[in-house]
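J.: please work out how this folds:
(chains A and B)
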Protein chains: 2
Amino acid sequence: MAKRSKSRAPSAVVSAGAQELRLFSIPGIPEIRPGNDLVKCVTSAARRAAIHFAHGDILVVAQKIVSKAEGALVRLASVKASPEARALAARLKKDPRAVEVVLRESRRMVRSDHVLIAETRHGFVCANAGVDHSNVPGHDVVTLLPRNPDRSAKKLAAALRKRTGKRVAVIISDTFGRPWRLGLTNVAIGASGVAVLRDLRGTRDRQGKPLTATILAVADELAAAAGLLMGKSEGSPVVLVRGYRYASVDQPAARIIRPAVEDLFR
Amino acid sequence: MAKRSKSRAPSAVVSAGAQELRLFSIPGIPEIRPGNDLVKCVTSAARRAAIHFAHGDILVVAQKIVSKAEGALVRLASVKASPEARALAARLKKDPRAVEVVLRESRRMVRSDHVLIAETRHGFVCANAGVDHSNVPGHDVVTLLPRNPDRSAKKLAAALRKRTGKRVAVIISDTFGRPWRLGLTNVAIGASGVAVLRDLRGTRDRQGKPLTATILAVADELAAAAGLLMGKSEGSPVVLVRGYRYASVDQPAARIIRPAVEDLFR
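T.: Next up is the predicted model:
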């Protein structure tokens, strides 16, 4: 296999004109169980790693541990599959009870020919409506997406403020696939304290020409950046982003969902 | 409007367990013209900003300046619109000559009801086939995507190696929209020296369960991370990523294009 590269000279001195962004993975987050105080776990782990929160930091938290802390877990033994789930499961060679959970989490099935791509009750379009069995203890338990990821993010930000005294924005992320391009990327499904969309309409480019159609999905770019340090098998479910200049407003990640009337690919 | 936050305490000490990623925007890149030596411009600007390249760094370069250096520019005065372009332009209230350029760059029009979403000759699906007039001097000139962005990335990586003595991977990026979610994110359209997809199938999660369907589009996550420092009106078109552990192989970004037979959204 390919060799792995790692920077060996991290001592760049950056002049006033350069912007610098730093991301730290927070190691040592324990296995999270329902009812655990997630912010306490994160701040303890950060302290052990000598990572100190600062005003303007952005904490990106993988959905999985938020769901676990909130108890958004389903034991498949407790699920009775509907005839619809059984039919779909037979065709896709999946566990009918897992398919039943996906159907319950879905507002609408977008595709169900090879894989289940669903619109979740929140409005996100993703595989299996976010129902997932990776990184869950036991072979019989699946996680759901948090009921209201924006509310979860808001609670985490408030608890972080209380515990650290710092104004830290929070993004809850998950890895989603997408049409046209292979591979998953980490995206924002919940947010608090950071403008998730950066609207540049009305501003001008470097030549002074007005920009007409430029809205940047910065929360998704922040989630993607953090995703580089998350991995699935190694890495940490919690990453701190430092040095990003952002509009510190409470804009829910639900704002990123493209309204159905504007969406050409439904 | 919202106030902007900036970290004021960037002196975190990170323990052995934490991974750190650093991104530097390289300021002072001049306006690039056809025939300019892009790597010379970038390394000169980096030197002025006291940013020194290191083995394993990844340079993310906005498509726009690659296209300019390669002369992938079209003066609209030189374009004669076809009847098809004129009809489409009338419906969309666009310049027929710009629409003509979009049609020439396209293999297939994916949607043309409100906006032009095209599959480019490379296979990328994006607005206007990547034809763009922002950040181009003059009101009559549009940029095209580089003819072969993977080849462009390879040339840049080779020239960087020659000029700096360091093995630096290169990603050429552009901002693309996507279905279901609002806003643009920066993605990879060309790459050299970095595995663009990270295939975790066959590896295990933190609980030891095999991961079955996990391929991460790391080149897109790297582009997105860099996008946070690029902006359109301010920021720099060149961002250096340091500290990311990656498979140092030559895998073209064209690999990210989802094969038509697998794509459920054509």
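J.: buried residues, stretch A:151-158. List them.
T.: A:Ser152, A:Ala153, A:Lys154, A:Lys155, A:Leu156, A:Ala157 (16 or more other Cβ atoms under 10 Å in any protein chain shown). Where you see a C-beta, it was placed from the backbone N, CA and C, and this is true even at glycine.
J.: if we take the residues you listed, which one ends up nearest to B:Ser173?
T.: Comparing those against B:Ser173 with Cβ to Cβ places A:Ala153 closest, at 27.5 Å.
J.: which residues does that closest one contact?
T.: A:Val170, A:Ile171, A:Ile172, A:Gly190, A:Ala191, A:Ser192, A:Ala253 (Cβ atoms under 8 Å, 6 or more residues apart in numbering or on different chains).
J.: tell me how chain A divides into domains.
T.: Split into domains by automatic domain parsing, chain A comes to A:22-71+A:146-258, A:73-142.
J.: ok, A:Pro179 - how many residues close by?
T.: By other Cβ atoms under 10 Å in any protein chain shown, 18 other residues sit near A:Pro179.
J.: repeat for A:Gly227
T.: 29.
J.: wait, it touches A:Phe176, no?
T.: No. Using Cβ atoms under 8 Å, A:Gly227 is not in contact with A:Phe176; the gap is 10.6 Å.
J.: what touches both of those two?
T.: Shared contacts of A:Gly227 and A:Phe176, counting by Cβ under 8 Å, 6+ apart, come down to A:Thr185.
J.: any idea which element A:Arg159 lies in?
T.: In this structure residue A:159 is Ala, not Arg. Secondary structure assignment for A:Ala159, by DSSP states H and E: helix A:149-164.
J.: after that helix comes which helix or strand?
T.: Next along the chain after helix A:149-164, taking DSSP H and E as the criterion, comes strand A:169-176.
J.: partners of that following strand in the sheet?
T.: strand A:58-62 (parallel), strand A:185-192 (antiparallel) (DSSP bridges).
J.: can I get those strands in CSV with mean pLDDT?
T.: As requested, those are exported to CSV (pLDDT from 0 to 100):
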stretch, mean pLDDT
strand A:58-62, 98
strand A:185-192, 98
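J.: now, of those strands, which is deepest in the fold?
T.: Most buried of the strands paired with strand A:169-176, by mean neighbour count (mean count of other Cβ atoms under 10 Å in any protein chain shown): strand A:185-192, with a mean of 29.
J.: send the alpha carbons of it over as PDB?
T.: Presented in PDB, the C-alpha positions along strand A:185-192 are these (Å, rounded to 0.1, in the frame of the first residue of the first chain):
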ATOM      1  CA  THR A 185     -18.200  14.000   3.100                       C
ATOM      2  CA  ASN A 186     -18.900  15.300   6.500                       C
ATOM      3  CA  VAL A 187     -21.700  17.800   6.600                       C
ATOM      4  CA  ALA A 188     -23.500  19.900   9.200                       C
ATOM      5  CA  ILE A 189     -26.800  18.600  10.500                       C
ATOM      6  CA  GLY A 190     -27.000  20.900  13.500                       C
ATOM      7  CA  ALA A 191     -25.500  24.200  14.400                       C
ATOM      8  CA  SER A 192     -25.400  27.000  17.000                       C
END
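J.: and the very next helix or strand once past that strand, what does it pack onto?
T.: Once the chain leaves strand A:185-192, the next helix or strand it forms, by DSSP H and E, is strand A:198-199. Helices and strands touching strand A:198-199, by 3 or more Cβ pairs under 8 Å, 6 or more residues apart in numbering or on different chains; DSSP states H and E, are strand A:215-216.
J.: spatially central residue in chain A, please.
T.: Central residue of chain A (Cα atoms, centre = their mean): A:Ser173, 0.6 Å from the mean position.
J.: which element is the nearest residue to that one once chain neighbours are set aside on?
T.: With sequence-adjacent residues excluded and distances taken as Cβ to Cβ, 6 or more residues apart in numbering or on different chains, A:Ser173 is closest to A:Ala223, at 3.9 Å. Per DSSP H and E, A:Ala223 falls inside helix A:218-227.
J.: how about A:Arg86?
T.: helix A:83-92.
J.: can you list contacts of that helix?
T.: Under Cβ under 8 Å, 6+ apart, the answer for helix A:83-92 is A:81, A:94-100, A:102-103, A:112, A:114-116.
J.: narrow those to those in strands?
T.: Among the contacts of helix A:83-92, no member falls in strands (criterion: DSSP state E).
J.: if any of those residues are buried, put those into a ChimeraX selection.
T.: Buried members of those can be picked out in ChimeraX with the line below, counting by 16+ other Cβ under 10 Å:
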select /A:81,94,95,96,97,98,99,100,102,103,112,116
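J.: tally of neighbours for the single nearest residue of the stretch 51-200 of chain A relative to chain B?
T.: Closest to chain B within the stretch 51-200 of chain A is A:Gly183: 2.9 Å, counting by Cβ to the nearest Cβ. Neighbour count of A:Gly183, defined by other Cβ under 10 Å: 22.
J.: list the residues that contact it.
T.: A:Gly183 touches A:Gly177, B:Leu197, B:Arg198, B:Ile215, B:Leu216, B:Ala217, B:Val218, B:Asp220, B:Ile256, counting by Cβ under 8 Å, 6+ apart.
J.: for it, which non-adjacent residue is closest in space?
T.: Per Cβ to Cβ, 6+ apart, closest to A:Gly183 is B:Ala217, 2.9 Å.
J.: might one say that the one you found is in contact with A:Thr185?
T.: Yes. Using Cβ under 8 Å, B:Ala217 is in contact with A:Thr185, at 5.2 Å.
J.: average model confidence for stretch A:227-246?
T.: Averaged over stretch A:227-246, pLDDT sits at 88.
J.: can you give me the buried ones in it?
T.: For stretch A:227-246, by 16+ other Cβ under 10 Å, it's A:227-232, A:235-246.
J.: so which of the residues you listed also contact chain B?
T.: Among the buried residues of stretch A:227-246, the ones lying close to chain B by the criterion of Cβ under 8 Å from any Cβ of the partner chain are A:Gly227, A:Leu228, A:Leu229, A:Gly231, A:Lys232, A:Gly235, A:Ser236, A:Arg242, A:Gly243, A:Tyr244, A:Arg245, A:Tyr246.
J.: return the member of those residues nearest to A:Pro27.
T.: Checking these one by one against A:Pro27 (Cβ to Cβ), the nearest turns out to be A:Ser236, at 5.5 Å.
J.: that closest one reaches A:Pro27, doesn't it?
T.: Yes. Between A:Ser236 and A:Pro27 there is a contact at 5.5 Å, judged by Cβ under 8 Å.
J.: overlap of the contact sets of these two?
T.: Contacts common to A:Ser236 and A:Pro27, judged by Cβ under 8 Å, 6+ apart, are B:Ala18, B:Gln19.
J.: in chain A, where is pLDDT below threshold?
T.: Of all residues in chain A, those with pLDDT under 70 make up the ranges A:1-17, A:211-213, A:232-234, A:264-266.
J.: if we can go back for a sec, what's the residue nearest to the centre of chain A in contact with, if anything?
T.: Contacts of A:Ser173 (Cβ under 8 Å, 6+ apart): A:Val60, A:Val61, A:Ala62, A:Gln63, A:Asn186, A:Val187, A:Ala188, A:Ile189, A:Ala223, A:Ala226, A:Gly227, A:Met230.
J.: what's the closest non-adjacent residue to A:Ala85?
T.: Nearest residue to A:Ala85, sequence neighbours excluded (Cβ to Cβ, 6+ apart): A:Glu100, at 3.8 Å.
J.: sorry, that was for A:Leu144
T.: A:Leu144's closest residue in space is A:Ala72 (Cβ to Cβ, 6+ apart), at 4.3 Å.
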